[in-house]
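>>> Requesting a structural model of the entry that follows:
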Amino acid sequence: MIDLSTNYMGLKLKNPIVASSSYLWEDSKNIKKAEKSGAAAVVLHSLFEEQLEIEQEELNKFLLQGTESYAEAITYFPEIKEFKFAPDEYVELIKEVKSNSEIPIIGSLNGVSDGGWIKYAKKIEDAGADALELNIYFIPTDISLNSEKIEENYSNLVKSVKQKIKIPLAVKLSPYFTSTPHFLKSIEKAGADAFVIFNRFYQPDIDTQNLEIKPNLVLSTSEELRLRLRWAAIMYGKVNPDIAITGGVHTGNDVIKTIMAGAKVSMMTSALIKNEIEHITKVLSEINEWLLMNDYKSIKSIHGLMSQEKVLEPSAYERANYMKTLGSYK
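Just a heads-up that it's a prediction; the model follows:
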């Protein structure tokens with residue numbers, strides 16, 4: 001019998017597959033379906049900061065700065081009514097789901113400033129969430145704002161939330177920092193219990209026919225996993241918080257790679273949207289089959305096996321890999 005159990009932020013999980021944040025979890029029936037399909041935990045869809053404090057002066061100033069020159073820009077900021085869940089309804093959903101689920105339920109907050117995060121982080125905890133994920137999605141466009149200040153703001157936000165809650169705190173981050181190892185260490189000091197790497201950078205497209213900027217969401221593929229594998233492998237053993245990989249996890253083989261790189265869990269969204277929620281069952285079967293064929297008794301036995309500190313050629317994750325990759329194209 002293969003043991004797929006793992007531990008993420010102190011939560012005991014039956015396997016490493018976590019259904020990550022998406023619109024699918026707005027329906028409690030889908031959460032139950034994910035549980036029956038084998039998901040070890042579910043990260044609920046995000047509660048956006050804009051939903052919490054849309055009229056807050058600080059947030060409005062941050063969001064609208066510079067847009068007065070572009071009248072149409074205001075239309076890109078959604079009205080609260082466009083969100084299906086208001087903050088209090090989100091809290092009620094957590095209560096409902098927790099009363100019917102046997103797997104951990106992780107709340108999710110998405111934003112850029114202190115705003116209403118602190119208050120609702122506590123409400124999410126009180127509603128029964130087993131952990132909280134902060135999805136910090138910030139695009140710096142102010143040329144006077146340097147990288148040091150941006151990283152300081154991240155750390156302060158994590159510290160502010162961590163001080164108000166007792167449940168584990170995961171921080172979902174983008175890969176676009178000058179020194180990722182140094183930055184992750186500062187987030188660790190601020191109180192993070194886990195790093196979720198990485199947030200996908202959603203980019204608008206240009207409609208050349210109608211001369212419009214259009215939102216454009218493209219689901220991930222397994223190719224996107226490489227960036228995550230690299231940084232998980234480099235950071236394994238260098239930071240204390242657990243590592244979760246999200247973005248590009250579609251198959252059992254993808255999950256095996258993430259665990260070998262050093263992640264404790266693999267998070268899936270696009271794969272479930274493409275293949276439906278029951279796809280989790282297939283992925284679990286593929287994981288079991290691989291471990292059995294390669295004579296591993298548990299998922300823990302391969303944790304960090306291909307991390308930088310354990311492979312024979314650690315430089316493979318550094319510049320040497322860049323040179324070798326270019327040469328391999330011949």
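>>> So what's the residue count around the closest residue to Y317 other than its chain neighbours?
Leaving aside its sequence neighbours, Y317 sits nearest to Q308 (C-beta to C-beta, 6 or more residues apart in numbering; 4.8 Å). Glycine gets a C-beta too; all of them are placed from N, C-alpha and C. Neighbour count for Q308, taken as other C-beta atoms under 10 Å: 23.
>>> which regions of the stretch 101-250 of the chain lie under the pLDDT threshold?
113-116 (pLDDT under 70).
>>> can you map out the helices along it?
Here the stretch 101-250 of the chain has its helices, by DSSP state H, counting those that start in this stretch, at 117-126, 147-162, 180-190, 225-235.
>>> quick one, which of these is packed in tightest?
Stretch with highest mean neighbour count among those: helix 225-235 (a mean of 22; mean count of other C-beta atoms under 10 Å).
>>> Also compute the angle for it relative to helix 180-190, please.
70 degrees (axes from the mean of the first three to the mean of the last three C-alpha atoms, to 10 degrees).
>>> follow-up on the earlier one: any chance of the helices of the stretch 101-250 of the chain in CSV, plus distance to I277?
Listed next are the helices of the stretch 101-250 of the chain as CSV, based on distance: least, C-beta to C-beta, whole Å:
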stretch, distance to I277
helix 117-126, 23
helix 147-162, 30
helix 180-190, 31
helix 225-235, 21
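>>> Please identify which of those helices is closest to N199.
Ranking the helices of the stretch 101-250 of the chain by proximity to N199 (C-beta to C-beta) places helix 225-235 first, at 10.7 Å.
>>> Pretty sure the residue nearest to Y317 sits against W231.
No - at 10.0 Å, Q308 does not count as touching W231 under the criterion of C-beta atoms under 8 Å.
>>> Just the buried residues of stretch 251-268, please?
251-252, 254-268 (16 or more other C-beta atoms under 10 Å).
>>> again with stretch 128-147
The neighbour-count check on stretch 128-147 (16+ other C-beta under 10 Å) flags 128-137 as buried.
>>> wait, what's in contact with I299?
2-6, 15-16, 259, 287, 291 (C-beta atoms under 8 Å, 6 or more residues apart in numbering).
>>> That one and I277, how far apart?
Remark: distance between I299 and I277 (C-beta to C-beta, to the nearest Å) = 21 Å.
>>> again with L134
As for L134, its distance to I277 is 25 Å (criterion: C-beta to C-beta).
>>> Over to I2?
Taking C-beta to C-beta, one finds I2 at 23 Å from I277.
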